[in-house]
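**Q** Kindly generate the corresponding structure for this input.
(one chain, ligands or ions: 1)
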Amino acid sequence: MNIREIVLRHRGLLIAGIGMGLVGAAATLAQPWMLGRLIEAVALDKAIAWPITLIALFFIADAALNAGHAYAIGRAGENIVFDTRRILGGRLLRSQIPHFSRLEHGDVFARTISDTSIACLVIAQALAQVVTSVFMLVGSVVLMARLDWKLLLTTLGCLGLASGVALFLARQVRIAALRNRENVGAYGSGLQRVLGAITTVKASRAEERETDELARLADRARQSGIRVTAFNSLLTPAMNVGTQLSLAVVISWGMARVATGSLSPADLTSFVMYLFYLVSPLVMLFMSIGQIQQGRAAIQRVTELGTIPQEESEANEANAGANDATPQAEGASDETAPAVAFDGVSFSYHDGTPVLRDVSFSLPRRGLTAIVGPSGAGKTTTFQLIERFQRPDAGTVSVAGHDIAALPLTELRSLVGYVEQDAPLLRGTIRQNLTYANPGADAADIARALRLASLDDFVAELPEGLDTELGERGAGLSGGQRQRLAIARTLLQRPEVILLDEVTAHLDSDTEAALRDAMAEAANECAVLAIAHRLSTIRQADRIIVLEGGRVRAIGTHQELIGSDEVYRRLASQQFAAEDALA
Ligand SMILES: Nc1ncnc2c1ncn2[C@@H]1O[C@H](COP(=O)(O)OP(=O)(O)OP(=O)(O)O)[C@@H](O)[C@H]1O
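**A** Take a look at the predicted model:
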């Protein structure tokens, strides 16, 4: 992502805004000159209608052009912020999971929400301000030099002194503002951390501790905020002192020269007006330079986030599809190809520890397969590879006969339905959540999916039925209901393969039995691969894959494995004991 390109896309509006600003500045500069001519006309008893009309015209043009300038630049800034956020949002959603999972969410929000505003608005406004300020400064200096160069040198001396102090203060403001942004960001991250785990905080009676910690972070933000205010409040007086000093010198020396006749009252009036004009662009220039520095830091943070590696772009997917057209066409009609096949797959996360080692298995197009194994055996990682959230270091993974490395991602993910361990739901109605992967599903399909997931009675009892609004992350539903809603959503997608990650963990025995029926029915239509702990689920499976330490230990039915595999026997007896204890 390149912010320069985004800014250039809006150059028309920016140039129009700067153009209006420059013409407006010229109209401003013309006013003292015209006022001088008006004073001369009055003094010499000449006609004053023209000077007055011109001053009025310049005044109106000045006001109108300045309003146009502010509107155009503000609008361009908002357009740039919009484009940056739109692109950034898309890039985050299409980013590669291994890179995304390393980001801190609070920081991602800060970069996407506030850094984009600062970067774009500051750059658009501050750049425009620099251009118009420099024009005003040069214009004022040239016109003042034409009026009286000695008075100009005196003015520049006084203002130069004040500018030096102002420059120093502006630099301090910038440093303090950067620190303040970091502190505000840290407070945001802290707030997000505790609010995301509010029930754990309460259950651990940690409210007081966390409130103190939040207050400590907020206090750091307050202190750096006060530093910004302190330096900022000195900035304007520093420039005012310079202005007042030069004004005092210019007026007293200028009046003395008017008395001796070496300067006309009209020129002195114009000169004093230009003096005021000189100060405001000077302050603006310093502030804009400071803002641009701040904006550069924000641009860097936005650009860093924007360069997060992407899953293939649409174009690449199309190419991959075109290059792979023949095997895909064959595979799609080849019902004999396995639903999922792992062939010599090895994988490690970024820390390099091997998680899967030379894993090979294949699933037929129909039927229920359970994956069992001790905690950390690599079961969820297997699912991550099938969805291509992660890529294998060696070996190939195929779905419906296609090597998934060459399959367009949208196609792969339409073939595979995935119900995660925590089954997160999105805000919105039950219907929106249900049809999330298949927005075109009709009422009959929805009713079938609800029935299969044993949710039909629950939804029928709700006053608003399918249109019931769910809270954040599915609040308003029990863990089991959330899980079943996620299963119904996957069933509606009608995939070739359904991956279920410990979906029966949250369910009571009755619901689990209903869900087992749902799995059996789904397994008649597609391949179901379930990570399971409950023996009742495992026993129902057509085949069971036993994983241990990232390797496939054994594959077989419950009866076969009980007789032949030590690890399976141990897992099964542990589960029996646990279920007996529960009973
Ligand atoms: N994102 C990750 N980054 C680094 N290591 C990871 C990551 N996810 C999992 N691991 C590691 O990979 C190994 C396998 O994890 P995985 O979640 O696949 O196991 P699992 O068999 O599903 O375990 P469980 O039954 O406890 O859910 C574990 O040692 C885990 O610490």
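
**Q** can you tell me which residues contact S348?
**A** When contacts are counted by C-beta atoms under 8 Å, 6 or more residues apart in numbering, S348 touches P354, V355, D393. Any C-beta I mention is one placed from the backbone N, CA and C, and that applies to glycine too.

**Q** Repeat that for L214.
**A** By C-beta under 8 Å, 6+ apart, the contact set of L214 is Y187, G190, L191, V194.

**Q** Save those residues as CSV, and put in neighbour count too.
**A** As requested, those are arranged in CSV below (neighbours: other C-beta atoms under 10 Å):
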residue, neighbour count
Y187, 20
G190, 17
L191, 15
V194, 17
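
**Q** Give me the subset of those that lies in strands.
**A** Judged by DSSP state E, the subset of the contacts of L214 located in strands is empty.

**Q** and the ligand, which of the contacts of S348 contact it?
**A** Here is what survives when those are matched to the ligand using C-beta under 6 Å from any ligand atom: V355.

**Q** Out of the contacts of S348, grab the one that's most surrounded.
**A** Neighbour counts for the contacts of S348 peak at V355, which has 22 neighbours (criterion: other C-beta atoms under 10 Å).

**Q** three-state assignment of it?
**A** In terms of secondary structure, V355 is strand; the call rests on DSSP: H, G, I helix; E, B strand; the rest coil.

**Q** That one against G550, yeah?
**A** Yes: with contact defined as C-beta atoms under 8 Å, V355 reaches G550; the gap is 5.2 Å.

**Q** Give the residues shared as contacts by the two.
**A** Residues touching both V355 and G550 (C-beta under 8 Å, 6+ apart) are G378.

**Q** rewinding a little: now, among the contacts of S348, which is nearest to the ligand?
**A** Minimum separation from the ligand among the contacts of S348 (C-beta to the nearest ligand atom) is found for V355, which lies at 4.2 Å.

**Q** I'd like the distance between the closest one and N66.
**A** V355 sits at a distance of 63 Å from N66 (criterion: C-beta to C-beta, to the nearest Å).

**Q** Please apply the same query to S360.
**A** As for S360, its distance to N66 is 73 Å (criterion: C-beta to C-beta).

**Q** And those two? Which one has more around it.
**A** For S360 and N66, the more surrounded residue by other C-beta under 10 Å is N66, and the numbers stand at 18 against 14.

**Q** Quick one: mean pLDDT over stretch 436-449.
**A** Per-region confidence: stretch 436-449 scores 87 on mean pLDDT.

**Q** If we go by neighbour counts, what in it is buried?
**A** Judged by neighbour count using 16 or more other C-beta atoms under 10 Å, the buried positions of stretch 436-449 are Y436, A437, N438, A441, D445, I446, R448, A449.

**Q** And the furthest pair within the residues you listed?
**A** The widest separation within the buried residues of stretch 436-449, taken as C-beta to C-beta, falls between Y436 and R448 and amounts to 16.7 Å.

**Q** Poorly predicted segments of the protein, please.
**A** By pLDDT under 70, the weakly predicted segments of the chain are 313-334, 427, 471-475, 505-507, 576, 578-583.

**Q** The ligand contacts on that one?
**A** Counting by C-beta under 6 Å from any ligand atom, the chain comes close to the ligand at S101, Y349, D351, V355, G373, S375, G376, A377, G378, K379, T380, T381.

**Q** I'd like those residues written out as JSON lines, with distance to V258 added.
**A** What follows is these, written out as JSON lines (distance: C-beta to C-beta, whole Å):
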{"residue": "S101", "distance to V258": "75"}
{"residue": "Y349", "distance to V258": "82"}
{"residue": "D351", "distance to V258": "81"}
{"residue": "V355", "distance to V258": "88"}
{"residue": "G373", "distance to V258": "98"}
{"residue": "S375", "distance to V258": "93"}
{"residue": "G376", "distance to V258": "91"}
{"residue": "A377", "distance to V258": "95"}
{"residue": "G378", "distance to V258": "92"}
{"residue": "K379", "distance to V258": "93"}
{"residue": "T380", "distance to V258": "88"}
{"residue": "T381", "distance to V258": "88"}
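
**Q** Which of the contacts of L214 fall within helices?
**A** Using DSSP state H, the members of these that fall within helices are Y187, G190, L191, V194.

**Q** And the residue lying closest to Q575 once chain neighbours are set aside, how far from V419?
**A** In space, Q575 comes closest to L535 once its chain neighbours are excluded; the distance is 4.7 Å by C-beta to C-beta, 6 or more residues apart in numbering. Between L535 and V419 the distance, using C-beta to C-beta, works out to 20 Å.

**Q** show me where the stretch 401-550 of the chain has strands.
**A** Per DSSP state E, counting those that start in this stretch, the stretch 401-550 of the chain carries strands over the ranges 402-403, 416-419, 428-429, 469-470, 497-501, 527-531, 543-548.

**Q** on that earlier part again, would you check how far apart the residue nearest to Q575 and V345 are?
**A** Shown here: L535 relative to V345, a distance of 28 Å by C-beta to C-beta.

**Q** Check which residues of stretch 199-218 are buried.
**A** In stretch 199-218, the ones that count as buried by 16+ other C-beta under 10 Å are V201, E210, L214, L217, A218.

**Q** Neighbours of the residue in the stretch 101-250 of the chain that the ligand sits nearest to, how many?
**A** The shortest separation between the stretch 101-250 of the chain and the ligand is 5.6 Å, found at S101 (distances taken as C-beta to the nearest ligand atom). Summarising burial for S101: neighbours were counted as other C-beta under 10 Å, giving 12.

**Q** How much space separates it from H350?
**A** Plainly put, S101 is 9 Å away from H350 if you go by C-beta to C-beta.

**Q** Enumerate every residue touching E502.
**A** With contact set as C-beta under 8 Å, 6+ apart, E502 has these partners: Q421, I531, A532, H533.

**Q** Quickly note the distance from the third one to F286.
**A** It stands for A532. Taken as C-beta to C-beta, the spacing of A532 relative to F286 amounts to 67 Å.

**Q** So for the two, which residue has more residues nearby?
**A** Set A532 next to F286 and count neighbours by other C-beta under 10 Å: A532 wins out with 27 against 21.

**Q** Could you check which of L535 and V419 has the larger neighbour count?
**A** The residue with more neighbours, out of L535 and V419 and counting by other C-beta under 10 Å, is V419; that gives 22 against 18.

**Q** Now do the same contact list for the more buried one.
**A** Listed by C-beta under 8 Å, 6+ apart, the contact partners of V419 are Q483, A486, I487, T490, I498, L499, L500, D501, V503.

**Q** Can you identify each of the helices in the stretch 301-450 of the chain by residue range?
**A** Counting by DSSP state H, counting those that start in this stretch, the segments of the stretch 301-450 of the chain that form helices are 314-323, 325-333, 379-386, 409-415, 430-434, 443-452.

**Q** can you give me the strands in the stretch 201-350 of the chain?
**A** Ranges of strands within the stretch 201-350 of the chain are 340-348, based on DSSP E, counting those that start in this stretch.

**Q** The closest residue to the ligand within it: what's it in contact with?
**A** In the stretch 201-350 of the chain, the residue that lies nearest the ligand is Y349 (3.3 Å; C-beta to the nearest ligand atom). Y349 sits next to P98, V355, Q390 when contact means C-beta under 8 Å, 6+ apart.

**Q** Many thanks, I have nothing further to ask.
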